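Quick one, what's the 3D model for this:
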Amino acid sequence: MITERCNLKCVHCAVPEEDSPVSSELTTAEWDAFIALIAAEGVEALTISGGEASLRADAPLLLEAAAQRIARVTLLTNGLIRNSAIAEFVAVQQRHPHVGMHVSVDGASAATHDIIRGRGTFRATYSRLEALRAAGGAVTGVHTVLHRDNLDEFDDMVALVLGLGASVWTVFPVAALGRARHGGLTSLTPEQWAAVTARLADVRSRLGLDVGQMGPVLNDDWPSHMPMTPRGRSEVSHNVVVGPDGAIFTCPPLRDHLLGTVRSQHTASDWHTTLRAGEAIVESVCRSCQFRLLCTGIDPDRPFQLVEEPRWAGRPDGVLAERLSITGNGER
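Next up is the predicted model:
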């Protein structure tokens, strides 16, 4: 997350930190050195995101730095890219075909997209994306938050994704994090999630679209008393998150449990120590975290499983606190 500044105030935002001061953000040189270190130590995929990542003038430079060193690089954007930066991002994509651009689109029309992202954003986003594509750039993926007010546009969203030339469609639930705790969007019911899972499988097999389903949220969208529960692609997350100020953590809900900072990463040994600390937290928390499917996604080939007793216990901070009290280790 190279910045938390944003040009939108979406009602479902899980990380509403648009006013995070610029003065706390890492410099271009610091990001470049960190990217070089983790690339040399085997990081296979890097997503550059925000806030709105394109608000940083050096975002194309950082994308280029990653593309030169890492096999799979993705820029995550809300699509409202500065006109002056479009040509720079396109140039990076043309030099490096493995660089993807994933865009957040939360409806197939202004009626649904704009109620989340603000009046006029659907039209503005489409205009910028068309300019990017006309210049030779590519939209490779679309991210969509599904809720009860846009579910009727499911088929239209599939058409929109294909129309943009994207090969990836990733759908998310409304997660009660950040501003979304008070955003007023209504989550899907378990029955609706089951139907969505089946429809996504059909889209995947019939159209060849790479579909990623990140959710539902266990306990909130999928009650613990249901015998048939969603199956994740894995039991634990394999991601590490880095904030604009260089804080390294396992996931946004566990942001206060720092693994280290970018400014403390000088050698391969420093990085591996950070990863081991993350693995310890992940092993303690992921399997019981109600947000686990937001990180691992649903297994597309075996999306459901029968369970006698659900293993998720609540929010990650609570799960971690319980584990620490059991082990008697109160250190972070």
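
All the helices of the stretch 51-200 of the chain, residue numbers only.
Assigned by DSSP state H, counting those that start in this stretch, the stretch 51-200 of the chain shows helices spanning 59-67, 83-95, 110-117, 121-134, 154-163, 190-207.

Spit out the contact partners of residue 315.
Under the criterion of C-beta atoms under 8 Å, 6 or more residues apart in numbering, the contact list for residue 315 reads 253, 289-291. Where C-beta positions appear, they are placed from N, C-alpha and C, glycine not excepted.

redo that, cut-off 10 Å
If you count contacts by C-beta atoms under 10 Å, 6 or more residues apart in numbering, residue 315 has them with 176-177, 219, 253-254, 285, 289-291, 321.

With residue 108 instead?
Residues in contact with residue 108, defined by C-beta under 10 Å, 6+ apart, are 122, 144, 150, 152-161, 163.

Tell me the buried residues within those.
Buried residues within those, counting neighbours by 16 or more other C-beta atoms under 10 Å: 122, 144, 150, 153-154, 157-158, 160-161.

Need the residues you listed in a markdown table (columns: pLDDT and distance to residue 43).
As requested, the buried ones among the contacts of residue 108 are arranged in a markdown table below (pLDDT from 0 to 100; distance: C-beta to C-beta, whole Å):
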| residue | pLDDT | distance to residue 43 |
| --- | --- | --- |
| 122 | 97 | 35 |
| 144 | 98 | 27 |
| 150 | 96 | 34 |
| 153 | 97 | 36 |
| 154 | 98 | 34 |
| 157 | 98 | 31 |
| 158 | 98 | 32 |
| 160 | 97 | 32 |
| 161 | 98 | 28 |
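
nearest to residue 295, of these?
When the buried ones among the contacts of residue 108 are compared for distance to residue 295 (C-beta to C-beta), residue 144 wins out at 17.6 Å.

how far away is the closest one from residue 227?
From residue 144 over to residue 227 the distance is 29 Å, taken as C-beta to C-beta, to the nearest Å.

what bits of the chain have low per-residue confidence?
In the prediction, the chain carries residues with pLDDT under 70 at positions 16-20, 183, 326-332.

Mind doing that once more with 90?
Within the chain, the ranges that satisfy pLDDT under 90 run 9, 11-24, 82-84, 176-185, 224-225, 252-253, 255-256, 307-313, 321-332.

which stretches of it form strands?
Taking DSSP state E as the criterion, the chain carries its strands at 45-48, 72-77, 99-104, 141-145, 168-172, 210-213, 228-230, 241-242, 247-249, 260-261, 304-306.

quick one: which of those strands is nearest residue 126?
When those are compared by C-beta to C-beta, strand 99-104 sits nearest residue 126, at 10.0 Å.

Give me the distance from the closest one to the chain's centre.
Averaging C-alpha positions (C-alpha atoms, centre = their mean, to the nearest Å) puts strand 99-104 11 Å from its chain's average.

rewinding a little: arrange the buried ones among the contacts of residue 108 in a markdown table, one row each, with distance to residue 204 as further columns.
Rendered in a markdown table, the data for these read as follows (distance: C-beta to C-beta, whole Å):
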| residue | distance to residue 204 |
| --- | --- |
| 122 | 26 |
| 144 | 15 |
| 150 | 20 |
| 153 | 19 |
| 154 | 14 |
| 157 | 14 |
| 158 | 11 |
| 160 | 17 |
| 161 | 12 |
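
Which of these sits closest to residue 263?
Taking C-beta to C-beta as the measure, residue 263 sits nearest to residue 144 out of these, at 35.6 Å.

And the closest one, how close does it get to residue 7?
Summarising the geometry, the distance separating residue 144 from residue 7, computed by C-beta to C-beta, is 19 Å.

Residue 55 too?
Residue 55 sits 6 Å away from residue 7, taking C-beta to C-beta as the criterion.

Residue 139: how many residues sit nearby?
The number of residues packed around residue 139, counting by other C-beta atoms under 10 Å, is 23.
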